[in-house]
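>>> Model the structure of this input:
(one chain, ligands or ions: 1)
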Amino acid sequence: MCFEFECGCVRTSTMDSLVLALVLVVVAIAAHYLKRRKLIIAMDKIPGPPAYPIIGNVMDLYNANFNMTAAVKKWTDAHGDLFRIWMGAHAFVVLSKPEDLEILLSSTKHIEKAEMYGQLVPWIGTGLLTSTGKKWHTRRKLITPTFHFRILDQFMEVFNRNGNIMVQKMLAAKQTINVHSLITLCTLDIICETAMGTKVEAQNDSTSPYVKAVHNAVVSFHHRTMKPWLQPDAIFYASTDGRTFNKALQVLHKYTQEVIESRRRERESRRKNSVHNADDDLGMKKREALLDQLLDANESAANLADSDIQEEVDTFMFEGHDTTAAAISFLLYCVAANPDVQQKLADEMHEIFGDSDRPATSQDVQNMKYAERVVKETLRLYPSVPLFARFMREDLEISGGYVIPAGANVTISCFQMGRNGNVWPDPEKFDPDRFLAENIATRHPYSYVPFSAGPRNCIGQKFAMMEMKSTLSKVVRHCKLSLPAPNYSPRVEGQVILKAPEGVMLNVSPRAAAA
Ligand code: HEM
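Okay, here's the model as predicted:
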């Protein structure tokens, strides 16, 4: 009897657990459905193209050959500077009105990155670009001094040395060349030396396993962003691109890990032997990489594990190499396409350097006022990060009484904003004087945001401007650029980074001989 009673009791409690689990599942589904319904109703109040069930507006993207910037242009032409789209189950609001950007980007609350940034996590972890909340705040505070002018100043030698190699390679080519390939290797050498303090010599050996791994990771990741069917992790990692990506990450992560470990050991042994680390064997001031700065800051203020430091270094490597490569490539194209601009640049360089061949200093770079306007105008037309996005945890009211609902992603299209005729008269014209102080004063401060703005702006902006201006000056002082055909312009594709898929083709000749 007793046994039967106990058995019945067990059966009853199992039944209870099952019923409870079922009720919880039903409640969770109902809550999810209600939340989704709320999101759908709120999204329906925002204008936008008709969306199909399940796939949403993916067909529009298909019709634009999965080129996101082209699709955004079409949607903007049809629906204006605020519209909504659905990418499968993911809701997006696309903004390009400066007033709306100010509301979003200046907020200290809406700082979470959009859902799709999750695809970057296997590569860069939750470093500064992808983290949010308290983690992001603490890290941003820790990393900001790393980009101090004193640190950037010592990178001038790296920019100059690598710029020289690149210019020699450009001049050695006696025919039309794809400058993008050479520039990519140069910016890779620069970021390795400045971020990690290591020389990978990509310009001298583009076949090294590390250089190949960077290339493979960038290309396979780019393929994923262009192919919606590769979005689910399970499909991507089973595909050729996914396998290439994984293999490349193993090489990249191993390299960063080894560099960090060796730096820690070096510091430890210096400490044990009480050797001051500011000088090298010849008593010269030793250059400190961004990694050294992180390790210094970590010793005095934080307690980060090597894996934490690694995600930040990997983030610098990801953000700090392809972005500048794209920008410098389009920069040289714009200079080649506008001979009057090229002449003014050459005049400015002559004013600063005369006939001397001396390397540029950071003061010279500061004096390059016209070059600065040329770089800014290039980023207006060709922003290296053409789109960036946030995820909304709370509703946000923007202009016109519209509300971006919690649960939606918000995308900012820098590419589209730079070509908006209401903000930029004759937008296709390349005119660096748009960035004269008196002209900037007539525009809304959020009408130009290639480095984003507000608390989550680009931490590497000053580094990037120094690198771009010094590399531009190096090229203009030694080379004359021209287009391979009168109406040539590179085809542009916009996803995570703005790309010229067939490269940027230019003719390069020595300046003195060409003058
Ligand atoms: C032309 C060059 C560059 C452009 C146009 C650019 C643009 C941007 C943009 C638009 C963002 C915001 C992205 C977003 O919200 O998703 C960003 C963030 C960031 N950039 Fe850059 N970037 C450039 C170069 C660099 C360089 C050279 C570095 C480092 C060496 C760097 C490091 C970062 C980091 C760490 C973030 C995340 C900051 C945070 O969320 O706190 N960038 N960049």
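>>> What is the burial count for the residue lying closest to residue 314 once chain neighbours are set aside?
Distances taken as Cβ to Cβ, 6 or more residues apart in numbering put residue 124 closest to residue 314, at 4.6 Å, once the chain neighbours are dropped. Every C-beta, even on glycine, is put in place using the N, C-alpha and C of the backbone. By the criterion of other Cβ atoms under 10 Å, residue 124 has 24 neighbours.
>>> Skip the chain neighbours and tell me the closest residue to the residue in the chain that the ligand sits nearest to.
Nearest to the ligand, among the residues of the chain, is residue 460, at 2.2 Å (Cβ to the nearest ligand atom). Excluding its sequence neighbours, the residue lying closest to residue 460 (Cβ to Cβ, 6+ apart) is residue 320, at 5.5 Å.
>>> ok, now which ones touch residue 139?
127-128, 131, 312 (Cβ atoms under 8 Å, 6 or more residues apart in numbering).
>>> now it: how far from residue 359?
Distance of residue 139 to residue 359, computed by Cβ to Cβ, to the nearest Å: 34 Å.
>>> same thing with residue 479?
Remark: distance between residue 479 and residue 359 (Cβ to Cβ) = 16 Å.
>>> again, but for residue 430
28 Å.
>>> Next: residue 306.
From residue 306 over to residue 359 (counting by Cβ to Cβ), the distance is 35 Å.
>>> again with residue 128
From residue 128 to residue 359 the distance is 31 Å (Cβ to Cβ).
>>> In terms of neighbours, single out the busier of those two.
residue 128 (21 against 17).
>>> and stretch 413-422, which residues are buried?
413-420 (16 or more other Cβ atoms under 10 Å).
>>> Just the closest of those residues to residue 495, please.
Top of the list for closeness to residue 495, among the buried residues of stretch 413-422 and by Cβ to Cβ, is residue 415 at 10.7 Å.
>>> what helix or strand does that closest one sit in?
Using DSSP states H and E, residue 415 sits within helix 414-417.
>>> Output the contacting helices and strands for that helix.
Packed against helix 414-417 by the contact rule (3 or more Cβ pairs under 8 Å, 6 or more residues apart in numbering; DSSP states H and E) you find helix 68-79, strand 387-391.
>>> For the host helix or strand of residue 235, give the mean pLDDT please.
Using DSSP H and E, residue 235 falls within helix 233-238. Per-region confidence: helix 233-238 scores 96 on mean pLDDT.
>>> Could you check how far whichever helix or strand comes after that helix is from the centre of its chain?
Going down the chain from helix 233-238, the next helix or strand is helix 240-272, by DSSP H and E. Centre-to-centre, helix 240-272 and its host chain are 21 Å apart (Cα atoms, centre = their mean, to the nearest Å).
>>> near the ligand, which residues of the stretch 101-250 of the chain?
113, 128-129, 140 (Cβ under 6 Å from any ligand atom).
>>> per-residue pLDDT, the spatially most central residue of the chain?
The chain has residue 319 as the residue nearest its centroid, 4.6 Å off, counting by Cα atoms, centre = their mean. On pLDDT, residue 319 comes in at 92.
>>> correct me, but it touches residue 461?
No. With contact defined as Cβ atoms under 8 Å, residue 319 does not reach residue 461; the gap is 10.9 Å.
>>> Quick one: name the residues of the protein near the ligand.
With Cβ under 6 Å from any ligand atom as the criterion, the chain meets the ligand at residues 113, 128-129, 140, 315-316, 319-320, 323-324, 327, 383-385, 388, 450-452, 456, 458-460, 463-464.
>>> for the residue nearest to the centre of the chain, what are its contacts?
Counted by Cβ under 8 Å, 6+ apart, residue 319 has contacts 129, 458, 460.
>>> helix or strand right after the helix or strand where residue 31 lies?
In this structure, residue 31 is located in helix 2-44 according to DSSP H and E. Proceeding N to C from helix 2-44, the next assigned helix or strand is helix 58-63, under DSSP H and E.
>>> Strands along the stretch 301-450 of the chain, start to end?
Using DSSP state E, counting those that start in this stretch, the strands found in the stretch 301-450 of the chain span residues 387-391, 396-397, 403-404, 409-413.
>>> any chance of the ones you listed in a markdown table, with distance to residue 49 too?
Below are the strands of the stretch 301-450 of the chain laid out as a markdown table (distance: least, Cβ to Cβ, whole Å):
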| stretch | distance to residue 49 |
| --- | --- |
| strand 387-391 | 17 |
| strand 396-397 | 22 |
| strand 403-404 | 17 |
| strand 409-413 | 14 |
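>>> okay, the ones you listed, which one's buried deepest?
Highest mean neighbour count among those (mean count of other Cβ atoms under 10 Å): strand 409-413, with a mean of 23.
>>> Now do that strand: distance to the chain's middle.
For strand 409-413 - counting by Cα atoms, centre = their mean - the centre lies 14 Å from the chain centre.
>>> Over to stretch 344-364?
For stretch 344-364, the distance to the chain centre is 30 Å (Cα atoms, centre = their mean).
>>> cool, stretch 499-515 as well?
25 Å.
>>> Give me the contacts around the helix holding residue 235.
Contacts for helix 233-238 (Cβ under 8 Å, 6+ apart): 224, 229-230, 242-243, 245-246.
>>> export that helix as CSV, just CAs?
What follows is helix 233-238, C-alpha atoms only, in CSV (Å, rounded to 0.1, in the frame of the first residue of the first chain):
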residue,chain,number,x,y,z
ASP,A,233,25.4,30.4,-37.9
ALA,A,234,24.7,26.7,-38.7
ILE,A,235,24.6,27.4,-42.4
PHE,A,236,27.5,29.8,-42.5
TYR,A,237,29.9,27.6,-40.5
ALA,A,238,29.0,24.6,-42.7
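>>> Could you tell me the per-residue confidence at residue 495?
75.
>>> Quick check: it vs residue 264, distance?
36 Å.
>>> Check residue 321 too.
24 Å.
>>> higher neighbour count, these two?
Remark: of residue 321 and residue 264, residue 321 carries more neighbours, 24 against 13, as counted by other Cβ under 10 Å.
>>> Please report phi then psi for that one.
Residue 321 adopts backbone torsions of phi -130, psi -50, taken as degrees, to the nearest 10.
>>> where's the closest residue to it other than its chain neighbours, which helix or strand?
Take residue 321 and drop its neighbours on the chain: the residue closest to it by Cβ to Cβ, 6+ apart is residue 191, 4.3 Å away. Assigned by DSSP H and E, residue 191 belongs to helix 179-191.
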